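Enquirer: Next input, structure requested:
(chains A and B)
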Number of protein chains: 2
Amino acid sequence: MFLQGNRPSGNAIVTVALTFLTSSQAILIVWSKRAGKYEYSVTTANFLVETLKCALSLAALARIWKSEGVTEDNRLSTTLDEVIVYPIPALLYLVKNLLQYYIFAYVDAPGYQILKNLNIISTGVLYRIILKKKLSDIQWAAFILLCAGCTTAQLNSRSDHVLQTSLPGWIMAIVMALLSGFAGVYTEAIIKKRPSRNINVQNFWLYIFGMTFSAIAILIQDFDAVMNKGFFHGYSIITTLMILNHALSGIAVSMVMKYADNIVKVYSTSVAMLLTAVVSVLLFGFNLTLAFFLGATVVSVSVYLHSAGKLQR
Amino acid sequence: MFLQGNRPSGNAIVTVALTFLTSSQAILIVWSKRAGKYEYSVTTANFLVETLKCALSLAALARIWKSEGVTEDNRLSTTLDEVIVYPIPALLYLVKNLLQYYIFAYVDAPGYQILKNLNIISTGVLYRIILKKKLSDIQWAAFILLCAGCTTAQLNSRSDHVLQTSLPGWIMAIVMALLSGFAGVYTEAIIKKRPSRNINVQNFWLYIFGMTFSAIAILIQDFDAVMNKGFFHGYSIITTLMILNHALSGIAVSMVMKYADNIVKVYSTSVAMLLTAVVSVLLFGFNLTLAFFLGATVVSVSVYLHSAGKLQR
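Expert: Residues are numbered from 1 along each chain as shown, chains lettered A, B, ... in the order given. This next block holds a predicted model:
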């Protein structure tokens, strides 16, 4: 319903997949801790995520080369002019991903889910500033409602703890929201700059720089640990699942950026978050709360206002 | 900020007073019970509310006659054509007020506060149908948000009980919302029909019929109890406060209808409800919940959208 572009149905699937993946991220990160701390090096996990995404992009390209042959748009070789901008989002994502491991010293997983809704506001603001695409006043109001509605839907009896988050926790949450919003909007700008270029090539170059920065992070932060205990020390099934999850959701995000935009990404994941909750109720017999109904109502009105408030062009 | 009309500042005071009065209504009703039941006859209390409002209107008129003399607009005598419509809202209010005493068999006071937000929707719908005043699509969206926002702001850890309200409880809540909305909109139509007529005269006639219907309700429902135990059996300080509260808030509602309209009434009481909560925090050191902040945000956006969505005339 939100998706416009070349392949709407494929994107709808990608967008829904993205939400299911992101909604399980926080739980997997918390589960991957033992006795309150990470036994594995988080920088190595991040490196493996980048490597896996890079490998998956190459595998997709190999299939395309086989069926369509190598063309100007899907060849891997590139120019300095094309790749020079890729290190920027790669660096932003790296910092954000590393912060994500440490914010849990200040908030718990449900609290983090709530603070993550700050991403909605930061994405809207940065989308406006960087891509210079205008949202109407009604659409801005809709965006604030989307943030409030998503948060309301996620309220539970312990949510008020979030208000007691300490200052470093708040600062980390806000910095993460800005990094995430900036990285998202910047990536969209890069990917959209060359519309005919195959997304897997664009992803490949994005992830190459992701791998490079992750490798540097290992050297800076976990060099001794990796040397003494080994690269895979402390890894478990959960760690593996978490890496797989991060890699797949990263690729899904890129797809949405290519064929839609950051606003669609934010709306789609918000609506899909609500649908996921409803599906969970049907499958697992959870109870929906009054807060969920209220949040879902606000998000629905927001979706309506976003389309009703479209600027006349 | 919402008030337009002849006496904006006086109305702002009336509107804020109305909210403080209505917010304490449910608590007083529950306090006036002993061991889970009303020791006094609720019909006699209702009769006294109507009588008190009638007396207060007459007292106000007496002052006006003294200062301005008796004119065409403030004289008490009237025509059949003017008064013939007054019994309708009087009857609706009577039924609604009596239902209010019995709904607490199905919901508790915080639950009732939440269900009362259905009034917002019913008022909007009936305002449209009966007064034939159009709201724009954006203003409708704003109205749904107002209802969702107010409910969110009132959420507490036990609010989910409301979802377990039994069918009779829901039916009563919906019927009460419709009666309340219909009576409000109808009263506005009557009062506005003669703009120059003094509001105290209009109130006097409204309350005369209120007294009549309340008296009939006593005869039908509590005749034996009043005859055997006396009219004031079971009355307490709380009962007296409750009657005073209902009378004053009834008069405040009429004032808002005269100089503004039902939509202003709904918005003003909603915003004032939020302000009351903030003031309570400052005065009594309560904690504001995350739900309150989210609800207040949604209500604020609703206020903005109501004015941004004004129909071009």
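
Enquirer: Name the helix or strand for the residue of chain A most remote from its centre, please.
Expert: Here the centre of chain A is the reference, and by C-alpha atoms, centre = their mean the most remote residue is residue A:228, at 32.7 Å. Here residue A:228 sits within helix A:223-229, counting by DSSP states H and E.

Enquirer: for that helix, the distance to its chain's centre please.
Expert: 30 Å (C-alpha atoms, centre = their mean, to the nearest Å).

Enquirer: Which parts of chain A are helices?
Expert: A:8-31, A:42-68, A:80-83, A:87-102, A:109-115, A:118-131, A:137-153, A:167-193, A:199-221, A:223-229, A:237-259, A:262-284, A:290-308 (DSSP state H).

Enquirer: Smallest gap between the stretch 1-150 of chain A and chain B, at which residue?
Expert: Proximity of the stretch 1-150 of chain A to chain B (C-beta to the nearest C-beta) peaks at residue A:148, 4.7 Å away. Yep, even glycine has a C-beta here, placed from its N, CA and C like the rest.

Enquirer: That residue contacts residue B:299, correct?
Expert: No. Using C-beta atoms under 8 Å, residue A:148 makes no contact with residue B:299, being 10.0 Å away.

Enquirer: So which of those two has more stuff around it?
Expert: Legend: neighbour count by other C-beta atoms under 10 Å in any protein chain shown for residue A:148 and residue B:299, higher for residue A:148 (30 against 24).

Enquirer: Please report the distance of the more buried one from residue B:275.
Expert: 19 Å (C-beta to C-beta, to the nearest Å).

Enquirer: Residues of chain A that sit close to chain B?
Expert: With the criterion set to C-beta under 8 Å from any C-beta of the partner chain, chain A comes near chain B through A:114, A:137-138, A:141, A:144-145, A:148-149, A:151-152, A:155, A:157, A:159-160, A:162-163, A:287, A:289-291, A:294-295, A:297-298, A:301, A:304-305, A:308-309.

Enquirer: so what's residue A:102 up against?
Expert: residue A:172 (C-beta atoms under 8 Å, 6 or more residues apart in numbering or on different chains).

Enquirer: please redo it, this time with the cut-off set to 10 Å
Expert: Residues near residue A:102 by C-beta atoms under 10 Å, 6 or more residues apart in numbering or on different chains: A:38, A:42, A:168, A:172.

Enquirer: Please report the number of neighbouring residues for the closest residue to the third one other than its chain neighbours.
Expert: Read that as residue A:168. Closest residue in space to residue A:168, ignoring its immediate chain neighbours: residue A:106 at 6.0 Å, by C-beta to C-beta, 6 or more residues apart in numbering or on different chains. For residue A:106, the count of nearby residues is 18 (other C-beta under 10 Å).

Enquirer: picking up where we left off before, please indicate which of the contacts of residue A:102 are buried?
Expert: Neighbour counting by 16 or more other C-beta atoms under 10 Å in any protein chain shown classes A:38, A:42, A:172 among the contacts of residue A:102 as buried.

Enquirer: re earlier: tell me the buried residues within the residues of chain A next to chain B.
Expert: A:114, A:138, A:141, A:144-145, A:148-149, A:151-152, A:155, A:159-160, A:162, A:289-291, A:294-295, A:297-298, A:301, A:304-305, A:308-309.

Enquirer: Please compute how far stretch A:265-277 lies from its chain's middle.
Expert: For stretch A:265-277, the distance to the chain centre is 13 Å (C-alpha atoms, centre = their mean).

Enquirer: buried sites along it?
Expert: Applying 16+ other C-beta under 10 Å to stretch A:265-277 flags A:265-274, A:276-277 as buried.

Enquirer: Of the residues you listed, which one scores lowest on pLDDT?
Expert: Here the lowest pLDDT out of the buried residues of stretch A:265-277 sits on residue A:276, with 69.

Enquirer: Surely the residue of the stretch 1-150 of chain A closest to chain B touches residue A:297?
Expert: No. Under the criterion of C-beta atoms under 10 Å, residue A:148 is not in contact with residue A:297, lying 11.2 Å apart.

Enquirer: shared neighbours, these two?
Expert: Counting by C-beta under 10 Å, 6+ apart, the residues touching both residue A:148 and residue A:297 are B:145, B:148-149, B:152, B:298.

Enquirer: and which of those residues is nearest residue A:54?
Expert: Closest approach between the shared contacts of residue A:148 and residue A:297 and residue A:54, by C-beta to C-beta: residue B:298, at 42.8 Å.

Enquirer: how many other residues sit next to residue A:94?
Expert: Using other C-beta under 10 Å, residue A:94 has 23 neighbouring residues.

Enquirer: Same check on the one 4 residues further on?
Expert: For residue A:98, the tally of surrounding residues (other C-beta under 10 Å) stands at 16.

Enquirer: Could I get the average pLDDT for stretch A:141-158?
Expert: Rounded mean pLDDT across stretch A:141-158 is 91.

Enquirer: Need the CA coordinates for it. PDB is fine.
Expert: The C-alpha coordinates for stretch A:141-158 follow below in PDB (Å, rounded to 0.1, in the frame of the first residue of the first chain):
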ATOM      1  CA  ALA A 141       1.800  16.100  12.100                       C
ATOM      2  CA  ALA A 142       1.300  12.600  10.800                       C
ATOM      3  CA  PHE A 143       4.900  11.800  11.500                       C
ATOM      4  CA  ILE A 144       4.700  12.900  15.100                       C
ATOM      5  CA  LEU A 145       1.600  10.800  15.400                       C
ATOM      6  CA  LEU A 146       3.400   7.800  14.000                       C
ATOM      7  CA  CYS A 147       6.000   8.100  16.600                       C
ATOM      8  CA  ALA A 148       3.500   8.600  19.500                       C
ATOM      9  CA  GLY A 149       1.200   5.800  18.100                       C
ATOM     10  CA  CYS A 150       4.000   3.200  17.800                       C
ATOM     11  CA  THR A 151       5.200   4.000  21.300                       C
ATOM     12  CA  THR A 152       1.700   3.800  22.700                       C
ATOM     13  CA  ALA A 153       1.200   0.400  21.000                       C
ATOM     14  CA  GLN A 154       4.300  -0.900  22.700                       C
ATOM     15  CA  LEU A 155       3.500   0.400  26.200                       C
ATOM     16  CA  ASN A 156       3.400  -2.200  29.000                       C
ATOM     17  CA  SER A 157       3.100  -2.100  32.700                       C
ATOM     18  CA  ARG A 158       6.900  -1.500  33.000                       C
END
